[in-house]
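**Q** pasting the sequence and the predicted model now:
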Amino acid sequence: MLLPLLVEPEALSAELDNPELLIVDTSRSERYLEGHIPGSIHIAPAQLQSGVAPAAGKIPDAAALSALFAAIGLTPDKHVVAVDDEGGGWAGRLLWTLESVGHSNYSLLNGGLESWASAGLPLSQQISTVTASDFSIAVLDETARIHCDDLIAELGKPDLGIWDARSADEYHGRKSPARRAGHIPGAAHLEWTDLMDPGRNLRLKPIDQIQRMLDDRGLVQGKRIVTHCQSHHRSGLTWFAGKLLGYDIRAYDGSWGEWGNRDDTPIEI
């Protein structure tokens, strides 16, 4: 099955009857029930995070993810298309999670449900069902993530770029859900919503425009990029944008929930 990494609604619509397709909707539960892409399976966003405070955004363990993906019928031949109702944060988080369980056969629906509905494509209220698979992993693939202590050890290296996807107020320390406020030393700020085009139903802005925004912040091609937010939800989209651009990009899933609640992490304001 050949779908691009970033797929448009019309291209996805043409494949709805393809048995190799698995559409996974990570929207709010109420939005999914109101109307979803026919045949799509719902995963609640909370299922993609461990939920353990203070770093509640960390990835669940291998056993929990094995059970989750077996329940939605994931098999190696399935091409997963991730969808959400917010422009790509949770959808990107899902794709990053798939990377972490060794499944790289996937796409993100550009603009998610907003672009799908605006194109006049059908929505269903029928709850989709699938046959569970025997999907199972023993350990997570760590290549898509970085741990706190490893990131501390990398700080200051010239080939490292840190992409902070939070709001400007969070970045500058004017607000913080964590005990400590500010940002990781050397981190560049580009809020996740700045990647979206509200005039085009939350699709990503043109890729060359995103590249220019990153270049302006020193997050250039050739650097090793680490992206984060508060819980690696918003940075699900920035991680995906990095993948789309061909970056060497990892996510810090501990994010500010961990960094801002430890006492030994360096912070700038």
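**A** Here it is on my side, so go on. Numbers count the residues shown, from 1 in each chain.

**Q** just give me the neighbour total for residue 34.
**A** Residues lying near residue 34 (other C-beta atoms under 10 Å) number 13. C-betas here are computed from N, CA, C, even on glycine.

**Q** nearest residue to it other than its sequence neighbours?
**A** Using C-beta to C-beta, 6 or more residues apart in numbering and skipping residues adjacent in sequence, the residue nearest residue 34 is residue 125, 7.3 Å away.

**Q** and if you look at residue 138?
**A** Nearest to residue 138 is residue 62, by C-beta to C-beta, 6+ apart, at 6.2 Å.

**Q** is the one you found in contact with residue 141, as I believe?
**A** No: with contact defined as C-beta atoms under 8 Å, residue 62 does not reach residue 141; the gap is 9.8 Å.

**Q** okay, and the common contacts of these two?
**A** Here residue 62 and residue 141 have residue 101 as joint contacts, going by C-beta atoms under 8 Å, 6 or more residues apart in numbering.

**Q** contacts only, for the residue nearest to residue 138.
**A** Shown in contact with residue 62 (C-beta under 8 Å, 6+ apart): 101, 137, 138, 139, 140.

**Q** against residue 49, how distant is the third one?
**A** Going back to what we said before, that points to residue 138. 21 Å (C-beta to C-beta, to the nearest Å).

**Q** then the last one?
**A** Taking C-beta to C-beta as the measure, residue 140 and residue 49 are separated by 14 Å.

**Q** give me the common contacts of these two.
**A** residue 59.

**Q** put the buried members of the contacts of residue 62 into a PyMOL selection.
**A** Of these, the buried ones go into a single PyMOL selection, burial set by 16 or more other C-beta atoms under 10 Å:
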select buried, resi 101+140
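
**Q** now the residue lying closest to residue 82 once chain neighbours are set aside: phi and psi?
**A** Closest residue to residue 82 apart from its sequence neighbours, by C-beta to C-beta, 6+ apart: residue 91 at 3.8 Å. Backbone torsions for residue 91, taken as degrees, to the nearest 10, come to phi -60, psi -40.

**Q** can you pull the contacts of residue 91?
**A** 26, 82, 83, 84, 108, 109, 112, 236, 237, 240.

**Q** how about residues contacting the strand or helix carrying the fifth one?
**A** Applying DSSP states H and E as the criterion places residue 108 in strand 106-109. Strand 106-109 has contacts (C-beta under 8 Å, 6+ apart) with 3-7, 9, 12, 79-83, 88, 91-92, 95, 98, 115-116, 240.

**Q** buried stuff in stretch 141-155?
**A** 144, 145, 146, 148, 151.

**Q** so how far is residue 108 from the second one?
**A** The one in question is residue 145. From residue 145 over to residue 108 the distance is 19 Å, taken as C-beta to C-beta.

**Q** surely residue 247 is in contact with residue 225?
**A** Yes: here residue 247 reaches residue 225: they are 5.2 Å apart, a contact under C-beta under 8 Å.

**Q** give me the buried positions along stretch 214-230.
**A** 214, 219, 223, 225, 226, 227, 228, 229, 230.

**Q** inside strands: which ones of the residues you listed?
**A** The members of the buried residues of stretch 214-230 that map onto strands under DSSP state E are 225, 226, 227, 228.

**Q** quick one: residues contacting the last one.
**A** Residues counted as contacts of residue 228 (C-beta under 8 Å, 6+ apart) are 162-165, 184, 235, 251-256, 259.
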